[in-house]
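# Return atomic coordinates for the entry below.
(4 chains, ligands or ions: 2)
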Amino acid sequence: MSAARVGVLVFPGSLDDRDMLRGLELCGAEAQFLWHKDARLPESLDGIGVPGGFSYGDYLRCGAMARFSPVMRAVLEFAQSGKPVLGVCNGFQILCEAGLLPGVLVRNRDLKYVCQDVRVAVEDPGKFRAELPPGRGLVMPVKHGEGAYVPDPDHKPRVAFRYVGGSPNGSTDDIAGVANAAGNVVGLMPHPEHATDPLLGSSDGGALLRSFLAACVAARTRR
Amino acid sequence: MKLRVLVSLKPGVLDAQGRAIEHALRDLGYTQVSGVRTGKLIVLDLDTPDPEKARALAAEACEKLLANPVIEQYEILS
Amino acid sequence: MKLRVLVSLKPGVLDAQGRAIEHALRDLGYTQVSGVRTGKLIVLDLDTPDPEKARALAAEACEKLLANPVIEQYEILS
Amino acid sequence: MSDPEVTDQLAREHGLSDHEIALIGEVLGRRPSFAELGIFSVMWSEHCSYKSSRRYLQKLPTKGACVVQGPGENAGVIDVGDGNVAVFKIESHNHPSYVEPHGGAATGVGGILRDIFTMGARPLASLDSLRFGPLDDPHQRYLVRGVVAGIGDYGNAFGCATVGGEVTFHPRYRKNVLVNAMNLGIARADQIFLAKAAGPGNPVIYVGSKTGRDGIHGASLLASAEFDADTDAKRPTVQLGDPFTEKLLLEACLEAMATGAVVGIQDMGAAGLTCSSFEMASRSGTGIEMDLDAVPQRESNMSAYELLLSESQERMLQVAEKGREQEIFAVFRKWDLDAAIVGRVTSDGHMRVRWHGQVVADVPVDPIAANAPVYDRPTARPADFEERQKLDLAQLAPESDPSAALLQLLASPNLCSREWVYRQYDQLVGSSTVLRPGGDAAVVRIPETERGLALTTDCNPRYCAQDPYLGAQHAVAEAARNVAVTGARPLAVTNCLNFGSPERPEAMWEFAEATRGMGDACRALGLPITGGNVSFYNETAGEGAIPPTPTIGLVGILDDVTCAVPAAFRGAGDDVILLGETRSELGASEYLAVRHGIERGAPPALDLAAEQRLQKLLAAAAARRLMRSAHDCSDGGAALALAECAIRSGFGLDVALPATGLRPEVALFAESCARALVSCSPSNSAAFLALAREHGVPAARIGQTGGVRIRIAPGVDVSLPEAHDLWARTLPEALG
Ligand SMILES: Nc1ncnc2c1ncn2[C@@H]1O[C@H](COP(=O)(O)OP(=O)(O)O)[C@@H](O)[C@H]1O
Ligand SMILES: [Mg+2]
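Numbers count the residues shown, from 1 in each chain, chains lettered A, B, ... in the order given. Ligands and ions are numbered 1, 2, ... in the order given. Model (predicted):
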């Protein structure tokens, strides 16, 4: 089977875009950047990664402005067609603002940015389950100022990942990441792409990225 | 004309910043402070002389962009 | 009683957030928007029935904590 | 609104001396216009002209095999192999951070980032060296919170990892906090850009944010208050930055440089458009004709004076190849940034500035930029210099409870955990951080290579206060040692010289001594100084001056980054080895300050040859992967270093310090130079000890790692969790 072809969105203010591209490549993907002004996605794309950073400076609310960029309309259709979309950190915030995932992310409880390694436990990562059996623990870094998840009262979230031993940010029920009802869109605050190389810390994030890529390939063969 | 929009967290949503300010004020000796909530002020400068139109426009902007209805409410001052 | 305090950047100080919101609103088609400035809303709940005292207290809190007079100005609404 | 008449009084209000006012008359042969007065005042300010420091800086060693670009450009450049160069520099943003801690510190980070990417490098890692007054002062806590949040907010949103720095507290910084920001970026060796305005006829292009009335200096405020009292009185002199725009500016500049159409580029920092255009023209021996009406403006009715002096952030000046302007405009359009032709390069060596169709300034470039006045200010050694070196250890009561002493030191603000600070920084973006903050130097991988760079900032202000010459030497030695314990070879130095008023002979003496010490130490260790920054006037009437603080930023290299050695222990059952000799030295130590409230005595003697032997040993041992961990001994001595290795790893230790003839508190807490603590797996100890012997470094196996206690003979036996708790709690409890 050929490698999964994935795109990594680049908004003004995306910062972990290169890291995500590199992480996905390390995990075997054929990855390319997708520019926010391009309203059309390349043909035969298997999945989309929405990277971390401070898109549009995180002004107003994190992710609030990126949602209106031309590429996001295409991403919306892409996700609605059942193709996998992974949002990390600011990417998670963007997917929530865009309505692809329920809930919202607000200021950390202690009002401070936090950068540290955390442990999360896998619960229900939707279609990203190839290497993510429920209960598996993963060590990955978080680095964000607004990562406290608040569920939408009308939408019970499908919890993909939960912090173990308390959240670093005051997230409701220690939620670290969620999936949409269809299971093809997953967002989380911890950074799997920063945990793909033992020299730089942990390599647990590789399991998550490979599970995303497996879902990409599966969605392609089904079509 | 200028319109002021106030966006704040809905009652019941935890306002960590408000709480921090409350503590800080109490520490400074302002014991009369019994609660603090915070929000955003957004001042819109609109090229329209019609106050009705301006308010309608501001309300639309709030619905679309300025407030997130899951946790936020807004109010438009004159 | 509740008092609303608005803290905003002094005129002339760069308001990057306001500019970003302005751009976003224009991109959304609100071409009538000719400027946006942002600030903070702080709602103080004060255990004092005397409006004069409450205002004085809020003003003091602004001077001491809520605003940095080097770059910010404040206004107390009723 | 018309310009005020230029009088000597107005010139003095602009900070110019009578001598300088006379000099302006000579240069121009007439009175300057108001705009010209503004130009002279900023170009001849201490900040831009280095008029008091220049003759000392000229004596510093700047040459070395690795040096590609020494002092004089926006940042220093060194060769780091594989066709890559590292571009790095440190800069102060002290006063603005005191007035508006968040905004001031943030724009400090923004400024140093621009210095790096203006040379064509992509910023890879930031460090920040911070000094505040005592932590028990609420205002200082407000300043710490604001400064740290400001550094984080800018660096995090820009997307450059912050990997190290320092934070210390001393009453003499109460009214003059220090915020020194360092950055290092990587570029291809053949794609470095310089600040030059070459090629008469070439367009001068303004890019980035629009210009507002930001940070126009205090004197001008005074000067213009009279005709616009209402608005100007409220005008802030502190400017705010926008990391989001800076990130776009970075990408756009690197992309524009890749087109090949950029001839030269310079960021607009202090004194904005004036300083950048003069410097570019001066370096190329050219002139510039500028039209201020073309400058993108954020506010209405800005005067020529304001446009020339504004310090609005996130702006750059580029000189492009004539005819290729469109290539540059296309890039900036893509990134939604302003770009406008504001002038042309000329060959007549003049700066000619037009505004509203009128020439508002017409001055020769070089007499202003290159030949600014230089001063040889009087120096005077403080009268109590001899006296303060004296310390009679015999008068000091022997330490009655070494365990309590260690715990007290661990919990003290200057030695406790810094995690409260660095967890607010993105340490990871860019996928390069191999050794994160918390140990000695940070180590980052050079992207796409096997190599790594070790980075640190260091200065012990207490040493410098006692003896600026020796203290500055220590700063260099400690920085080199911090880099060496990671296994890296120290390569080059940048520095930020923070001092009091140069017009006060004692402060000028401190400066002279410190620069001499720094130069001597760098020469002895073979380290070129590739750049730096001077910040004078860190003093306040009635409060005195800061201790002399020559902050050293040092870069070292690891040819194989997988050999990088962390500071903390790695496991139980490893041998612990102490390198170097402990002497009876307690002068100016943390122990004396924390335990006895005494800040006197001479700093430890420095043996630079021993330092160099130690550095060579550590690099050789790292390359052979003989060490599991390595940590230098500095503040708090061997006991503190041992405790840190244990606390940060969760592995206890049981060791006995060689105490031949030393008082217990000396063996434990003396800060003798050229020492380090290494842990080796027992199978490697013999090889390591043999290597130490070969390198002429005294080495002693003093015990083993393991257990849940910190046992250090003579006299220390404390619980590891308790020590950890005390060490970790201090900053969060004070700062929230
Ligand atoms: N302001 C800061 N920003 C980032 N990291 C910091 C800061 N202050 C201290 N650190 C980190 O904390 C660790 C301990 O600092 P310090 O005690 O100054 O180290 P050393 O004594 O080895 O110079 C180092 O890794 C340092 O980089
Ligand atoms: Mg050290």
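
# which residues does D:Gly531 contact?
D:Gly70, D:Pro71, D:Gly72, D:Glu73, D:Ala75, D:Gly76, D:Phe88, D:Lys89, D:Thr494 (CB atoms under 8 Å, 6 or more residues apart in numbering or on different chains). Quick note: C-beta positions are derived from backbone N, CA and C, even for glycine.

# Walk me through the regions of chain A where pLDDT falls short of the threshold, as ranges.
The model of chain A has pLDDT under 70 over residues A:1, A:221-223.

# now the helices: where do they sit in it?
Secondary structure of chain A by DSSP state H: the helices cover A:17-26, A:70-80, A:90-97, A:205-222.

# of all the ones you listed, which lies closest to ligand 2?
With CB to the ion as the measure, helix A:17-26 is the member of the helices of chain A nearest ligand 2 (28.7 Å).

# hang on, isn't D:Pro490 packed against D:Ala524?
No - taking contacts as CB atoms under 8 Å, D:Pro490 lies outside contact range of D:Ala524: 11.8 Å.

# Which one's more surrounded, the two?
Each of D:Pro490 and D:Ala524 has its neighbours counted (other CB atoms under 10 Å in any protein chain shown); D:Pro490 has more, 28 against 17.

# Run a quick neighbour tally on the residue nearest to A:Gly28 when sequence neighbours are not counted.
Counting by CB to CB, 6 or more residues apart in numbering or on different chains, A:Ala3 is the residue found nearest to A:Gly28 once chain neighbours are left out, at 5.6 Å. Neighbour count of A:Ala3, defined by other CB under 10 Å: 16.

# Surely A:Ala3 is in contact with A:Glu30?
Yes - using CB under 8 Å, A:Ala3 is in contact with A:Glu30, at 4.7 Å.

# And B:Val7, how close does it get to D:Gly519?
The spacing between B:Val7 and D:Gly519, counted by CB to CB, to the nearest Å, is 57 Å.

# hmm, back to that, which one of the contacts of D:Gly531 has the most neighbours?
Highest count within those by other CB under 10 Å belongs to D:Phe88, 33 neighbours.

# Surely it is in a helix?
No - counting by DSSP: H, G, I helix; E, B strand; the rest coil, D:Phe88 is located in no helix; its state is strand.

# Who does it form a beta bridge with?
According to DSSP bridges, the partner residues bridging D:Phe88 are D:Gly76, D:Leu184.

# isn't it right up against D:Gly556?
No - between D:Phe88 and D:Gly556 there is no contact under CB under 8 Å: 11.7 Å.

# Can you tell me the number of residues neighbouring A:Ile175?
Using other CB under 10 Å, A:Ile175 has 24 neighbouring residues.

# What segments of the stretch 451-600 of chain D are helices?
With DSSP state H, counting those that start in this stretch as the criterion, the stretch 451-600 of chain D has helices at D:461-466, D:468-484, D:505-525, D:590-596.

# just checking, what packs against the first one?
Translated: helix D:461-466. If contacts are counted by 3 or more CB pairs under 8 Å, 6 or more residues apart in numbering or on different chains; DSSP states H and E, helix D:461-466 sits against helix D:468-484, strand D:549-558.

# at 10 Å what do you get?
Using 3 or more CB pairs under 10 Å, 6 or more residues apart in numbering or on different chains; DSSP states H and E, the elements in contact with helix D:461-466 are helix D:385-389, helix D:468-484, helix D:505-525, strand D:549-558, helix D:590-596.

# Just the CA trace of the shortest one, in PDB.
Below are the C-alpha coordinates for helix D:385-389, written out as PDB (Å, rounded to 0.1, in the frame of the first residue of the first chain):
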ATOM      1  CA  PHE D 385      37.800  48.400  47.300                       C
ATOM      2  CA  GLU D 386      40.600  47.000  49.500                       C
ATOM      3  CA  GLU D 387      38.400  46.900  52.500                       C
ATOM      4  CA  ARG D 388      35.600  44.900  50.900                       C
ATOM      5  CA  GLN D 389      38.000  42.100  49.800                       C
END
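
# Please work out the average pLDDT along that helix.
Mean pLDDT, helix D:385-389: 95.

# Contact residues of chain D facing chain B?
Applying CB under 10 Å from any CB of the partner chain, we find that chain D lies next to chain B at D:Pro138, D:Tyr142, D:Gly736.

# How far does the helix or strand containing the second one sit from its chain's centre?
Assessed by DSSP states H and E, D:Tyr142 sits inside helix D:138-158. Going by CA atoms, centre = their mean, to the nearest Å, the spacing between the C-alpha centre of helix D:138-158 and its chain's C-alpha centre is 16 Å.

# burial measure for the closest residue to chain C within chain A, as a count.
Relative to chain C, the nearest point of chain A is A:Tyr59 (4.0 Å; CB to the nearest CB). Residues near A:Tyr59, counting by other CB under 10 Å, number 24.

# List the residues that contact it.
Shown in contact with A:Tyr59 (CB atoms under 10 Å, 6 or more residues apart in numbering or on different chains): A:13, A:65, C:15-21, C:23-24, C:38, D:157, D:242, D:244.
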